[in-house]
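Engineer: Okay, sequence plus prediction incoming.
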Amino acid sequence: MTAQPLEPRVSRLEGAFEQIVERLGDTNVRLERLEYKVDANYHALDDKITALGSAFEARFAGIDQKFPGIDQKFAAMEQRFVGIDQKFAGIDQKFVGIDQKFASMDQKFDSRFHFLIGTYLTTTIALAGIFFAALFPLYRHIAQ
């Protein structure tokens, strides 16, 4: 230890402590100002974010209100398509009926065509027989 008396050393320490306290006080004041600015900026940013959120909610509320109307329009269009499908089903049934009628007519035509062919062949053979029967005696007579 030094030979200096205790009082000057303590007074120096007290002066140093006072300087530290002054510097810390200045630092504390600056930190309080910065904290105030940060809080103010935080509140301003929070207010802006809240305002943007409200604006988005308002816009989406308007869009949400339009969706039921759009859904109703799609439902109406779907009902129209159901009606159109039913009409096409009715048309398909008519075509089935027409196909059945054509099939029936085709069978009738086939049976009548076969009848006509049979009649034609029978008549041709009968006429050939009659013709042969009528001409054969004549041919025999000429051949003698």
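Structural biologist: Right, received. Where do you want to start? Computed from a prediction, not measured in an experiment: that's the story for all the values here.

Engineer: low-confidence ranges in the chain?
Structural biologist: Per-residue confidence for the chain (pLDDT under 70) gives these ranges: 1-4.

Engineer: Roughly how far does the most far-flung residue of it relative to its centre sit from P137?
Structural biologist: Largest separation from the mean C-alpha position in the chain: Q144, at 100.0 Å (C-alpha atoms, centre = their mean). Counting by C-beta to C-beta, to the nearest Å, the gap between Q144 and P137 amounts to 11 Å. Where you see a C-beta, it was placed from the backbone N, CA and C, and this is true even at glycine.

Engineer: what do you get for K94?
Structural biologist: In terms of C-beta to C-beta, K94 sits 65 Å off from P137.

Engineer: Tally up the residues packed near K87, please.
Structural biologist: Other residues near K87 come to 10 when the count uses other C-beta atoms under 10 Å.

Engineer: In terms of helices and strands, where is it?
Structural biologist: helix 6-143 (DSSP states H and E).

Engineer: what packs against that helix?
Structural biologist: The contact analysis (3 or more C-beta pairs under 8 Å, 6 or more residues apart in numbering; DSSP states H and E) places helix 6-143 against no helix or strand.

Engineer: Going forward, count from 125.
Structural biologist: All set: I'll call the first residue 125, so the last point we hit is now helix 130-267.

Engineer: Can you tell me which residue sits nearest the middle of the protein?
Structural biologist: By C-alpha atoms, centre = their mean, the most central residue of the chain is F198, 11.9 Å off.

Engineer: Quick check: the gap between that one and Q189.
Structural biologist: F198 is 16 Å from Q189, by C-beta to C-beta.

Engineer: Tell me who's in contact with K211.
Structural biologist: The contact partners of K211, by C-beta atoms under 8 Å, 6 or more residues apart in numbering, come to none.
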